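A.B. asks: My questions concern the predicted model and sequence given below.
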Amino acid sequence: MSSGAPHRKRFSWARLAFFFLFWLMVAGWSVRDLPVGAAAAGGALWISLKLSPSGDARVRAGPLFRLVVRLLRGSLVAGFDVARRALAPRPDLRPGFVSCPLTLPEGEARDVFRLLQSLMPGTLPTGVEEGRALVHGLDLSQPIAENFATEERLFKRAAGHE
Amino acid sequence: MSFLADLVSLAAIGAGVFFFIAGTVGLLRFPDSLTRLHALSKADNLGLGLIVLGLIPRAENPLAAFKLVVVWALVLLSGASTAQLIGRALRRGRE
């Protein structure tokens, strides 16, 4: 545990800096208002640490870049896909649930992955039961489970889970 | 240069509006609540992203442009989380 402590401390400082910068962005720069910003950032850090204690995830740049590119492309394709289905003379849908095995451990990483997965074309995770994600798909003829597994593998590499 | 920026803005905002309309058409035409969630979360996400992209060249300063991107990211985050929560409630309601 002792080896993780400095990492956590650094992580908390990074979070504090993030909240302070975020406040600056919203409120604008003014020396008179800085104490309010510092108090707001401190409060946000306290709430954030209560809700989500510092993890030991080590993000890796290369795989993260590949994941971001895939997500952006997926998000674009998802918008076109749903627009095409909605505007077709008869809505082109074969909806249903697909049960996808989930190997990410329970916790923040899994929640973030599910969040990102809901941006991908034709898929909407609707919860996890007995280690399997129940994904609602717009078109069951698409390889939903295969894509889900590929993206989970990419995510695990990017988040340093393997 | 300004003409080009205006053209990019116009094209991106126009495309964004198209995706918002497509999402709304999906909301009205799709058969059940779960499929309607797809229409709203995916099309509106892309629509808002394109509108933000179109507004960036018109922002007064880089900070204002960054604020627009943050608005998009927050809407994306809240929309994706809410869609999953509603999806879960609907699935449980069906069981």
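C.D. replies: On my side now, so go ahead.

A.B. asks: going forward, measure contacts and count neighbours with C-alpha atoms only.
C.D. replies: OK.

A.B. asks: for the biggest helix by length in chain A, which positions count as buried?
C.D. replies: Longest helix in chain A, counting residues (DSSP state H): helix A:61-87. For helix A:61-87, the neighbour count (16 or more other Cα atoms under 10 Å in any protein chain shown) marks A:63-64, A:67, A:71, A:74-83, A:85-87 as buried.

A.B. asks: Which ones, among those residues, also lie beside chain B?
C.D. replies: Counting by Cα under 8 Å from any Cα of the partner chain, A:75, A:76, A:78, A:79, A:80, A:82, A:83, A:85, A:86, A:87 from the buried residues of helix A:61-87 sit close to chain B.

A.B. asks: Specify which member of those residues is nearest to residue A:141.
C.D. replies: residue A:85 (13.9 Å; Cα to Cα).

A.B. asks: Now do the helix or strand harbouring residue B:83: which elements does it pack against?
C.D. replies: Under DSSP states H and E, the secondary-structure element containing residue B:83 is helix B:62-94. Where contact means 3 or more Cα pairs under 8 Å, 6 or more residues apart in numbering or on different chains; DSSP states H and E, helix B:62-94 is packed against helix A:5-27, helix A:108-117, strand A:123-129, helix B:33-38, helix B:44-55.

A.B. asks: what's the distance between whichever helix or strand comes after the third one and the middle of its chain?
C.D. replies: The reference is to strand A:123-129. Past strand A:123-129, further along toward the C-terminus, the next helix or strand under DSSP H and E is strand A:132-137. Taking Cα atoms, centre = their mean, to the nearest Å, one finds the center of strand A:132-137 at 16 Å from the center of the full chain.

A.B. asks: Buried residues of strand A:132-137, list them for me.
C.D. replies: Buried residues in strand A:132-137 (16+ other Cα under 10 Å): A:133, A:134, A:135, A:136, A:137.

A.B. asks: That one to strand A:123-129, inter-axis angle?
C.D. replies: Angle, strand A:132-137 to strand A:123-129, by axes from the mean of the first three to the mean of the last three Cα atoms, to 10 degrees: 150 degrees.

A.B. asks: Next, report how far the helix or strand following strand A:132-137 is displaced from the centre of its chain.
C.D. replies: Beyond strand A:132-137 in the direction of the C-terminus, DSSP H and E gives the next helix or strand as helix A:144-158. Distance, stretch centre to chain centre, for helix A:144-158: 13 Å (Cα atoms, centre = their mean).

A.B. asks: what's the answer for stretch A:83-99, then?
C.D. replies: With Cα atoms, centre = their mean, you get 25 Å for stretch A:83-99.

A.B. asks: Compute the first-to-last residue distance for it.
C.D. replies: Using Cα to Cα, to the nearest Å, the end-to-end distance of stretch A:83-99 comes to 25 Å.

A.B. asks: Show me which parts of it are buried, residue by residue.
C.D. replies: Going by neighbour count (16+ other Cα under 10 Å), the buried part of stretch A:83-99 is A:83, A:85, A:86, A:87, A:91, A:93, A:95, A:97, A:98, A:99.

A.B. asks: swap in stretch A:42-59?
C.D. replies: So, applying 16+ other Cα under 10 Å, buried residues of stretch A:42-59: A:42, A:44, A:45, A:48, A:54.
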